[in-house]
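*Asks:* The following block contains a protein sequence and its predicted model.
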Amino acid sequence: MTAAWRYQHVGDYLDTVRRAHAALLAGKRIRMWWGDSEGVDRAGFSRHFMNALHRRITMKVEPKPRGRKDCPEWKTAAERDQRALRSRFWHRERIYQFETDECRRRFGHRLSRRDE
């Protein structure tokens, strides 16, 4: 028996698990995916089922709060600051401000002044 893991409703999944359980009780092995040549026994199916159950439970939990530096806006701003610093050193362009606090704190002395 090959387990069909693509289902739309919980009832479809439950039916597949019941058929797999019945086949395992009869002493058969179950192929978990198309490339599985040997299949799994009752212990292997139990491990697979518990891992899948834990994955589904974990997907329902709210994600951890992301830090300020994980958001894409901050990363984009840091990349723009990096490009500005490179153009300051390589092309001698004037830079008057940075977007991120880290660059202002670390490279603020490299900013151009308006009176230069």
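*Replies:* Alright, I've got the coordinates. Residues are numbered from 1 along each chain as shown.
*Asks:* got any ranges where this structure has weak pLDDT?
*Replies:* 1-8, 65 (pLDDT under 70).
*Asks:* now the helices: where do they sit in it?
*Replies:* Secondary structure of the chain (DSSP state H): helices located at 10-25, 42-60, 72-90, 101-107.
*Asks:* looking at those helices, which is closest to Glu116?
*Replies:* For Glu116, the closest of those is helix 72-90, at 12.7 Å, according to C-beta to C-beta. (C-beta placed from N, C-alpha, C; glycine too.)
*Asks:* Asp57: how many residues sit nearby?
*Replies:* Rather than Asp, residue 57 is Ile. Residues lying near Ile57 (other C-beta atoms under 10 Å) number 9.
*Asks:* Report the contact partners of it.
*Replies:* Shown in contact with Ile57 (C-beta atoms under 8 Å, 6 or more residues apart in numbering): no residues.
*Asks:* Next one: it from Asn51, what distance?
*Replies:* 11 Å (C-beta to C-beta, to the nearest Å).
*Asks:* just Lys64 next, same as before
*Replies:* According to C-beta to C-beta, Lys64 and Asn51 sit 21 Å apart.
*Asks:* And the two? Which one has more around it.
*Replies:* A count of neighbours by other C-beta under 10 Å puts Asn51 above the other of Lys64 and Asn51, at 10 against 7.
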